[in-house]
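Chemist: pasting the sequence and the predicted coordinates here, then a few questions.
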Amino acid sequence: MKMKNIVKPFLSFLLLLIVIFTFAACASTRTQESAGEYVDDSVITTKVKSLLAADDLLKSFRIGVETYKGAVQLSGFVNTQKAVNKAVEITRTVKGVTSIKNDLVVK
């Protein structure tokens, strides 16, 4: 009987610790995204890539897209400044994009 009185509070405390550590592990830091932010960034990256691939002017170029906490980085080579401007314009239309780092190079 005495053992049950000790085990139940101990298990409750252990469960509370597990929950606290789980939330702490999923929280974002200055240099690391949370799980939710990672998923959001993946969605943004996918949307930008699909829109760039669907555009007639840009579909022939290999434009790299990376997203971190809503900031999108475009990289690669294009033939004209018009293509650079179009890629940035398309990226701005995607919901969740907070900023754009344009590293596209006109060759």
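Modeler: Received it, and whenever you're ready, just let me know what you need.
Chemist: please count neighbours and contacts with C-alpha atoms only from this point.
Modeler: Fine.
Chemist: now the helix or strand that contains residue 10: mean pLDDT?
Modeler: Following DSSP states H and E, one finds residue 10 within helix 2-26. Averaged over helix 2-26, pLDDT sits at 69.
Chemist: contacts for the next helix or strand after that helix, please.
Modeler: Remark: after helix 2-26, the chain's next helix or strand is helix 35-54, criterion DSSP H and E. Under the contact criterion CA atoms under 8 Å, 6 or more residues apart in numbering, helix 35-54 has outside partners 26-28, 58-60, 65-70, 72, 87, 90-91, 94-97.
Chemist: average pLDDT for the helix or strand following helix 35-54?
Modeler: Sequence-wise, the next helix or strand downstream of helix 35-54 (DSSP H and E) is strand 64-68. Model confidence over strand 64-68 averages 94 on the pLDDT scale.
Chemist: neighbouring strands for the helix or strand that comes right after strand 64-68, and are they parallel or not?
Modeler: Later in the chain than strand 64-68, the nearest helix or strand by DSSP H and E is strand 71-78. Strand 71-78 pairs in its sheet with strand 64-68 (antiparallel), strand 99-106 (parallel), by DSSP bridges.
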